[in-house]
Every structure is written in structure tokens, then in C-alpha cells.
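J.: Fold the following.
(chains A, B, C and D)
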2 protein chains.
Amino acid sequence: MNPPKLARVIDIRALKSACSNCSLREMCLPIGLSQDEMDKLDQMVYTRKRVKRGDSVYRSEEKFGSLYAIRSGFFKTTLVMEDGRDQVTGFHMAGDMLGMDGIGSDQHSCNAVALEDSEVCVIPYGRLEELSREMYVLQQHFHKVMSREIVREHGVMLLLGSMRAEERLAAFLLNLSQRFTSRGYSASEFNLRMTREEIGSYLGLKLETVSRTFSKFQEDGLIGVQQKNIRILDSEGLKSVLGRDPA
Amino acid sequence: MNPPKLARVIDIRALKSACSNCSLREMCLPIGLSQDEMDKLDQMVYTRKRVKRGDSVYRSEEKFGSLYAIRSGFFKTTLVMEDGRDQVTGFHMAGDMLGMDGIGSDQHSCNAVALEDSEVCVIPYGRLEELSREMYVLQQHFHKVMSREIVREHGVMLLLGSMRAEERLAAFLLNLSQRFTSRGYSASEFNLRMTREEIGSYLGLKLETVSRTFSKFQEDGLIGVQQKNIRILDSEGLKSVLGRDPA
DNA sequence: CGGAAATGTTGATGTGGATCAAACCAATTC
DNA sequence: GAATTGGTTTGATCCACATCAACATTTCCG
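T.: A predicted model of the protein is given here:
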């Protein structure tokens, strides 16, 4: 018999699956929860799901049932038009929430595709509703998450509607950098998980334009580009691209 | 003494201000409420506010406190960049909800400006939170409203990111027509409340392009345009502009 | 009412980014 | 390690929409 060893195994599994011990807690969950509340929340997420690169968590038209908190990995969400054109509507990383598009019509309205092997926490929507009726902080947090998604999309509209190619790409890089930073990664060096074409789709540009603009930024000493590896060499310079005259 | 007259006066006021008697009820509120629930809701909205053409319900950076249900009139929401460029992020009409952008950061992130003399119902956000913890249908409804706003913005991203000028304007007109229809107005004739410039801003086009494209649609017999008055003559034709080859 | 300011239309011309095309490069696969 | 594949870069050319400009129409307001 070897009870200590067995106990240890169980501990590790509990540790692994509990929201209360998740390193992304402060992204997904409200802060300042009591132990009691935390316990309840741990029950909310009872499934995790691995999603391989290229696979999707959900697809447009599919029945909506759950939200998905990204535990690890990287996703894009896309809309597809009848004629095949498609539009990337967002890039999503650990701590982000996917699936809120489905609530309004009870079916999803976009595809959520993994750009690398990823893992999501499945949050049954009915359960979330229930708990957020009981827990004020959860309700509040969830509303904030949805609201921020609305604001994020406002920003994209501004970008698509009013900015020139260089501005769009600069804004894109700064936004990525900021999001990596807030997750504890380097602000100045990261790997893109998406192709030039996907960036282009998101920014309303063609992939050639994205590529050319990367090269231009490189020539100007703003960034270093080597395929998917990006180093931000002059973030102030990048910021000043925003709102600069076409010069 | 004249009690009947007095009673009548009170009745009219109650009638006027109650959600339960509002003709837009089915847009703002969940359906299938009990009398008891309806009574509670009537207490939620205890202020209305007139907003004159050109005035705003709230402005960017302002502290967030309430949502606003449009009772009558027409609004635009806009973002302004430091350099003055501004982007219209939406047009909003009776039954629509304004202000959800403010929840996430506790301050508004856009301006909501009346395009004609309008009236909004002020919904104190704290009260909405409270009530939606008590009433499942209200919670559900509110979440749907937010989710639909996210989906609407997805649609705008598709439009801005992947469509050509004619497609954008056709989509815009069809969307307006559909929204007027669902409010009981004519699908085929309506007055634009916004300028060509505002349409252009929303669609990521210059006002001249909007004007030219209107003229083109008119030549093609798709619509009749007379300043702000629009008649849709061939809605199928308009639909077929979407996703058609640049031809 | 009348004159000024907004708003809208239309034409002529310019240009940023799209399109077309050809290499190039890195990662698999056999 | 040659061949294939998916992605990226770069050049040459084109075009949809922007810009500039002149004028028409409507709205505003003293």
C-alpha cells in the first residue's frame, strides 16, 4: 500500500482542474471572492476541452450552449460570406472568453478556430446564468466581460473605418504587445500565431500589403521581423505612426 | 370637486410612463412577463429624458451609471481619435439600448448623439443588475441584448473589412429597411436621419462616394433618392449587389 | 423674407492599396 | 536530400475610392 502517493495524484488532478488554482484566474474570474464563492465557481467549469490547431471550438449556425474560457493557446474568430469571402473578427488568447455571440440567437454566428493546439474551459451557459443570479460579483464580472467585447469591437471599427494601412498594422502590433504584456509575456518580442493573410483579413488589408508594411516598419527601424517572430524595437515610433499624416 | 377628472389625469401619466404600456415593450423587455414582474419593471425606469437634436445622452470618458432605452428618435454613436478623425460606430432607433459600452470600465467609451429630437428611458444600471438577479427572464433578455450588439458589430466588421463601396451601401440600406419594418414602418420608404458624411463615416467611405453610389443605385432603378428620402424600388436587386463581382 | 451656412451632387484628377506575377523560404514528407 | 506544400516577400501595374473643386439645394436663423 502506498496511500501518500495516491493522495498526491489526486491532489494534482484537483489542483489542475480548479478555477481557484488557475493561473488565469484574474482574467476569467472576478477578484475578491470568498472561499465559499470560489468553491461554487469551481463547480461551474466541469469540462475542459483540447482543441487541436485548425479545429474549431464552435462553428457558425451551431446551437449555442456554452461559453469557453481560453486556458492556453490561440484562436481566431471568423465570419464567412456566402460567396466565400471571410473576415477574421478577432484574435483571442489565454484568459479571453469565446462564444458570447451565441447568446442572443441561441446559435453561434461565427467560427472559433484554434491557431495552435489549445485548451478551453467549457462554461455551460445555463450554469453561469444561475450562479450569476446568486453571486453579485460574478454577474458584475460577466457583464464587464461582454461590455469590453463591445468596446473592443468599437476599436476595430475605428481601425477599419478611419485608419490607413500603416496605422492599422501599428495599432495591431501595439495591441498584441499590450495583451502579451498583461499576461506576463515580453512586450517587445513575440511570435505571431496567425498568417499574413489572417492579419490582413482582420485589418481589412491584403496579405501583400501586410507583408510590405512589415518590411517598411523594419526599414524604419521600428520593428524586427523574421517570419512569425516580431521584435518591437521602437514602440514610441510605432505609436507615432498612429494619427500621423500620410507623409 | 371633480374627482373623475383628477383620476383621469393620473391615469394618463401612469399610462404614459409605464413600461407595461409602452408600445416598444417587445423590443426593450422580455416577453411573457407576469403582472407581478411587470410591476417590478415599471419601477426600474423612473426617469425619462428628452434629448434635443445635436445633444448627447452621454459622452466618451463620462462616468457610467445608466443604460438608455430609446423611446423615440434617432441616435448615432461615435468615437473620436486624438487627431480629430471620428468614426460613427452605429445608428440607433426606438427600442434600441444605448450605453452598454460603459459597463466594462465604468465610464463611457463613445458619444451618443441625437440626430433628431428624441426621448430615452433612463435605466439605472445598479437597479437593472438587482432586478435581473431576481428575474430570470430579465437577466436572459439583457444578456441577449448585449450579445446581439456584439453580433451587430461583427457584421459591421465584415462590411468594413471585406465589402466594396456598393456592397456596403446596399447592406446599409437593407439593414435600415429591415429595422424600420420590424418597428412597423414602411420597408420601402423612409427618411434618413443622418448626413451623407455620417453614413460615409459609418461605412468607411467618403461622403462623395456615398452620394455617387446613391446616384448609381438610382440610375440602376434600385432606389429612389431625394435628399434624405429613400424609396427602395427593387430590394432583390439591392440584395444581389451584395456578393456580386465588381463588374 | 433673405442671406449665410450646411449639406448634397457631380466632374476631373490623383493615389493607396489591390491585383497579378514571380521568386523565395521553411517545414514536411517520402 | 529531392520534391511538395504553405507561407512570405517583392516588383509592376491597375483601379476603386479619395481628393480637390465648382456648383446646387436645403436649412437655419436674424
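J.: what comes up buried for whichever helix in chain A runs longest?
T.: When secondary structure is assigned using DSSP state H, the longest helix within chain A turns out to be helix A:136-162. For helix A:136-162, the buried set under the neighbour-count rule, 16 or more other CB atoms under 10 Å in any protein chain shown, comprises A:137-139, A:141-143, A:145-154, A:156-162. Every residue, glycine included, has its C-beta placed from N, CA and C.
J.: quick one: is that helix near chain B?
T.: Yes: contact between helix A:136-162 and chain B, assessed by CB under 8 Å from any CB of the partner chain, occurs at A:136, A:139-140, A:143-151, A:153-158, A:160-162.
J.: Repeat that for stretch A:198-207.
T.: Yes: when contact is scored as CB under 8 Å from any CB, part of stretch A:198-207 falls within range of chain B: A:Ser201, A:Tyr202, A:Leu203, A:Gly204.
J.: Which residues does the most centrally placed residue in chain A form beta bridges with?
T.: For chain A, the residue sitting closest to the mean C-alpha position, by CA atoms, centre = their mean, is A:His92 at 1.8 Å. Listed beta-bridge partners, A:His92: A:Phe75 (assigned using DSSP bridges).
J.: Just confirm it contacts A:Ser72, I think it does.
T.: No: with contact defined as CB atoms under 8 Å, A:His92 does not count as touching A:Ser72 (11.8 Å).
J.: Could you check how many residues crowd around A:Glu208?
T.: 11 (other CB atoms under 10 Å in any protein chain shown).
J.: and A:Leu174, what helix or strand is that in?
T.: Per DSSP states H and E: A:Leu174 is located in helix A:165-182.
J.: What residues sit buried inside that helix?
T.: The neighbour-count criterion (16+ other CB under 10 Å) identifies A:165-174, A:176-177, A:179-180 as the buried residues of helix A:165-182.
J.: what's the angle from the helix or strand containing A:Phe217 to helix A:165-182?
T.: Mapping A:Phe217 onto the secondary structure by DSSP H and E places it in helix A:207-219. Orientation check (axes from the mean of the first three to the mean of the last three CA atoms, to 10 degrees): helix A:207-219 against helix A:165-182 gives 70 degrees.
J.: tell me which residues of helix A:207-219 are tucked away?
T.: Along helix A:207-219, these residues count as buried under the neighbour rule (16+ other CB under 10 Å): A:Thr209, A:Val210, A:Ser211, A:Arg212, A:Thr213, A:Phe214, A:Phe217, A:Gln218.
J.: do stretch A:101-109 as well
T.: Within stretch A:101-109, the residues that qualify as buried by neighbour count (16+ other CB under 10 Å) are A:Asp101, A:Gly102, A:Ile103, A:Gly104, A:His108, A:Ser109.
J.: re the thing from before, after the helix holding A:Phe217, which helix or strand is next?
T.: Assigned by DSSP H and E, the successor of helix A:207-219 is strand A:223-226.
J.: Distance from that following strand to the middle of the chain?
T.: 23 Å (CA atoms, centre = their mean, to the nearest Å).
J.: Does DNA strand C have contacts with whatever helix or strand comes next after that strand?
T.: Heading C-terminal from strand A:223-226, the first helix or strand you meet, by DSSP H and E, is strand A:229-232. No: legend: contact between strand A:229-232 and DNA strand C by CB under 7 Å from any atom of the strand is lacking; minimum distance shown is 10.1 Å.
J.: next one: stretch A:141-161
T.: No: contact check for stretch A:141-161 against DNA strand C, using CB under 7 Å from any atom of the strand: none in range, with a minimum separation of 10.7 Å.
J.: Report the mean per-residue pLDDT for that stretch.
T.: For stretch A:141-161, mean pLDDT rounds to 98.
J.: That one and DNA strand D, are they touching?
T.: No: counting by CB under 7 Å from any atom of the strand, DNA strand D has no neighbours in stretch A:141-161; the shortest distance is 9.3 Å.
J.: domain ranges for chain A?
T.: For chain A, the structural domains run A:3-158, A:164-241, going by automatic domain parsing.
J.: which stretch in those domains has the least confidence?
T.: For these, mean pLDDT drops lowest on domain A:3-158, to a mean of 89.
J.: got the CA positions of the helix holding A:Phe217 in PDB?
T.: Provided in PDB are the C-alpha atoms of helix A:207-219 (Å, rounded to 0.1, in the frame of the first residue of the first chain):
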ATOM      1  CA  LEU A 207      -1.600  39.900 -47.300                       C
ATOM      2  CA  GLU A 208       0.800  41.600 -49.700                       C
ATOM      3  CA  THR A 209       0.100  44.900 -48.000                       C
ATOM      4  CA  VAL A 210       0.700  43.400 -44.600                       C
ATOM      5  CA  SER A 211       4.000  42.000 -45.700                       C
ATOM      6  CA  ARG A 212       5.100  45.200 -47.400                       C
ATOM      7  CA  THR A 213       4.100  47.200 -44.300                       C
ATOM      8  CA  PHE A 214       6.100  44.900 -42.100                       C
ATOM      9  CA  SER A 215       9.100  45.400 -44.300                       C
ATOM     10  CA  LYS A 216       8.600  49.200 -44.300                       C
ATOM     11  CA  PHE A 217       8.500  49.200 -40.500                       C
ATOM     12  CA  GLN A 218      11.600  47.100 -40.400                       C
ATOM     13  CA  GLU A 219      13.400  49.500 -42.700                       C
END
